[in-house]
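# here are the coordinates; sequence isn't available:
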């Protein structure tokens, strides 16, 4: 599911990021915030009218605000995080 579809306060892990959907500067900014495959994420708040504005997310231990278009480029999954060939319980 996309980060934009993740229910609030639902812990998840980044499964895949569509870097081609982001400009190089946008991708660099997300990387600087720790957004990468395997990172833990949690949607905290949807801003704007009817939740159509920016999304406040917890990435690791940091809280960031991200544009909805950027969050749509991020695939997340709930459950266990995959590290290499073995799964580690969340």
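Yes, it's here. All of these numbers come straight from a predicted model, not from anything done at the bench. Numbering: from 1, shown residues only.
# Three-state assignment for residue 13, please.
strand (DSSP: H, G, I helix; E, B strand; the rest coil).
# again, but for the one 3 residues further on
With three-state DSSP as the basis, the three-state label of residue 16 is strand.
# and it, what is it in contact with?
37, 74, 75 (Cβ atoms under 8 Å, 6 or more residues apart in numbering). Any C-beta I mention is one placed from the backbone N, CA and C, and that applies to glycine too.
# Just put those in CSV and tack on secondary structure, distance to residue 62 and neighbour count.
CSV is the format used below for the contacts of residue 16 (DSSP: H, G, I helix; E, B strand; the rest coil; distance: Cβ to Cβ, whole Å; neighbours: other Cβ atoms under 10 Å):
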residue, secondary structure, distance to residue 62, neighbour count
37, coil, 17, 12
74, strand, 15, 27
75, strand, 20, 17
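# What is the nearest of those residues to residue 25?
Set against residue 25, the nearest of the contacts of residue 16 by Cβ to Cβ is residue 74 (16.6 Å).
# what's the pLDDT at that closest one?
On the pLDDT scale, residue 74 is placed at 97.
# contacting residues for it?
By Cβ under 8 Å, 6+ apart, the residues touching residue 74 are 2, 3, 14, 16, 17, 18, 35, 41.
# just residue 54 next, same as before
Residue 54 sits in contact with 47, 48, 65, 66, 67, 68, where contact means Cβ under 8 Å, 6+ apart.
# Do I have it right that the fourth one meets residue 55?
Yes. Counting by Cβ atoms under 8 Å, residue 66 touches residue 55, with 5.5 Å between them.
# List buried residues within the contacts of residue 54.
For the contacts of residue 54, a neighbour count by 16 or more other Cβ atoms under 10 Å gives the buried set as 66, 68.
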